[in-house]
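Student: Got a sequence here, can you build the structure:
(2 chains)
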Amino acid sequence: ETGVTQSPTHLIKTRGQQVTLRCSSQSGHNTVSWYQQALGQGPQFIFQYYREEENGRGNFPPRFSGLQFPNYSSELNVNALELDDSALYLCATGGAGELFFGEGSRLTVL
Amino acid sequence: GESVGLHLPTLSVQEGDNSIINCAYSNSASDYFIWYKQESGKGPQFIIDIRSNMDKRQGQRVTVLLNKTVKHLSLQIAATQPGDSAVYFCAENISASGGSYIPTFGRGTSLIVHP
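Tutor: Presented below is the predicted three-dimensional model:
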């Protein structure tokens, strides 16, 4: 077990809606990263937060945004959902080497 | 552009055989690599890492080889077991601020172990 918890585990939304995904960790790591994993693909880096500030961003549009809180938990927000946003969203803590992943939130956009 | 990729999308082996999973990278500035294992319905799990000042690193039943000349990594699993069935990713790590790394994942190789 990695100690990284994500919620919800599954959800269904329709195009144009907004979604918030959550991540918490027991480890106390001050770095959290979010990844999008489409079916049959590797995880694609969305962004990383370090001490509540964005510390790097992948090739995702601004409608993907995030927050990290003082207790190092985090949220991923996606606005104006599109069909292609359907994927597994992974949160990971740790940053100086090994990452500890949660089991992901599976988002389906209809 | 720079990318990390895998040569074989699917590898089938018999239980007890040795498995070799290959990975090519193109960013010559990369200095840190990690192999992850992802079982169905779970997030990726760290297996082993290697830094560019090494060409080989061994763990329990796993060995990673790094050939910087041809920008190639391999993961060797000895005496493969059915529990090793999963998708394996190599991740190229790029330095970020604060001493952290941002891994870039390839597509992955699906390892299927037949009993």
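
Student: Low-confidence ranges, the chain, go.
Tutor: Since you didn't name a chain, this refers to chain A. Counting by pLDDT under 70, chain A has low-confidence residues at A:1, A:95-96.

Student: think we crossed wires, I meant chain B
Tutor: B:1-8, B:96-99.

Student: Point out the residues in it that sit beside chain A.
Tutor: Contact residues (CB under 8 Å from any CB of the partner chain) of chain B with chain A: B:32, B:34, B:41-46, B:49, B:89, B:96-108. In short, each C-beta sits where N, CA and C put it, glycine included.

Student: For A:V78, name its beta-bridge partners.
Tutor: Beta-bridge partners recorded for A:V78 (DSSP bridges): A:V19, A:F64.

Student: can I assume it is in contact with A:F64?
Tutor: Yes - using CB atoms under 8 Å, A:V78 makes contact with A:F64 at a distance of 5.5 Å.

Student: And those two? Which one has more around it.
Tutor: Set side by side, A:V78 and A:F64 show more neighbours around A:V78, with 24 against 18, by other CB atoms under 10 Å in any protein chain shown.

Student: Which helix or strand lies directly C-terminal to the biggest strand by length in chain B?
Tutor: Longest strand of chain B, by residue count under DSSP state E: strand B:86-95. Downstream of strand B:86-95, the next assigned helix or strand under DSSP states H and E is strand B:101-105.

Student: returning to that earlier point: chain center to the longest strand of chain B: distance?
Tutor: 6 Å (CA atoms, centre = their mean, to the nearest Å).
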